[in-house]
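[1] Sequence and predicted structure are below.
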Protein chains: 2
Amino acid sequence: MKARVTVTLKNGILDPQGKAIEGALKSLGVDGIASVRQGKVFDIEVESGDKAKAEAALKAAADKLLANTVIENYRVEVLG
Amino acid sequence: MKARVTVTLKNGILDPQGKAIEGALKSLGVDGIASVRQGKVFDIEVESGDKAKAEAALKAAADKLLANTVIENYRVEVLG
């Protein structure tokens, strides 16, 4: 079963990486970009064919490793 | 205008980061994860209200900076 976990910074958390990208885009001549915030995406193959079991495994993976839940949110999508 | 650019490794490209995460999840006792591939996601605010202009700016940003198009694919979604 294929799934995707998307991890993004919580609102209000400063994103220095995003700021650096904004500056770099300007110096590369790419105009019209007001702000950039960077996150992570994990494409995961889950062994179980059962959706509930898959979601439980993905949630455990996100809580324990993929996301720092103090400053990051995550979203689990089981794609089937 | 809000948009999201998702950058993922092309098929066949080895993902050592993903392999490391697979190993770490096993040692953390998270079972049932067959494979993990990590990518990047950029949440971008585009100044233009025109969808075509926004897509052009995002494509330029991805081609020039956000993605290494030799080994990565990217997907542009204008969310409105």
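    Yes, it's here.
[2] So which residues of chain A form strands?
    A:2-9, A:33-46, A:72-78 (DSSP state E).
[3] Could I get the contacting residues of residue A:26?
    residue A:33 (C-beta atoms under 8 Å, 6 or more residues apart in numbering or on different chains). For glycine as for every other residue, the C-beta is placed from the backbone atoms N, C-alpha and C.
[4] So for residue A:58, what's the pLDDT?
    Looking at residue A:58, its pLDDT reads 97.
[5] CSV please, covering the strands of chain A and showing mean pLDDT.
    CSV is the format used below for the strands of chain A (pLDDT from 0 to 100):
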stretch, mean pLDDT
strand A:2-9, 98
strand A:33-46, 97
strand A:72-78, 97
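[6] Quick check: which of those strands is nearest to residue B:36?
    Of all the strands of chain A, it is strand A:33-46 that lies closest to residue B:36, at 5.2 Å by C-beta to C-beta.
[7] now that closest one against strand A:72-78, angle please.
    50 degrees (axes from the mean of the first three to the mean of the last three C-alpha atoms, to 10 degrees).
[8] elements contacting strand A:33-46?
    Packing partners of strand A:33-46 (3 or more C-beta pairs under 8 Å, 6 or more residues apart in numbering or on different chains; DSSP states H and E): strand A:2-9, helix A:16-27, helix A:51-61, strand B:2-9, strand B:33-46.
[9] Recalculate using a threshold of 10 Å.
    strand A:2-9, helix A:16-27, helix A:51-61, strand A:72-78, strand B:2-9, helix B:16-27, strand B:33-46, helix B:51-61 (3 or more C-beta pairs under 10 Å, 6 or more residues apart in numbering or on different chains; DSSP states H and E).
[10] and it, how far from the chain's centre?
    Centroid displacement of strand A:33-46 relative to its chain, using C-alpha atoms, centre = their mean, to the nearest Å, is 4 Å.
[11] CA atoms of it as PDB?
    C-alpha atoms of strand A:33-46 as PDB (Å, rounded to 0.1, in the frame of the first residue of the first chain):
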ATOM      1  CA  ILE A  33       7.600  35.100  -5.200                       C
ATOM      2  CA  ALA A  34       6.400  36.600  -2.000                       C
ATOM      3  CA  SER A  35       7.300  33.900   0.500                       C
ATOM      4  CA  VAL A  36       8.700  30.300   0.600                       C
ATOM      5  CA  ARG A  37       8.400  27.800   3.400                       C
ATOM      6  CA  GLN A  38      10.100  24.400   3.000                       C
ATOM      7  CA  GLY A  39       8.900  21.100   4.300                       C
ATOM      8  CA  LYS A  40       9.500  17.300   3.800                       C
ATOM      9  CA  VAL A  41       7.600  14.700   2.000                       C
ATOM     10  CA  PHE A  42       7.900  10.900   2.500                       C
ATOM     11  CA  ASP A  43       6.700   8.400  -0.100                       C
ATOM     12  CA  ILE A  44       6.200   5.200   1.900                       C
ATOM     13  CA  GLU A  45       5.400   1.700   0.900                       C
ATOM     14  CA  VAL A  46       3.500   0.000   3.800                       C
END
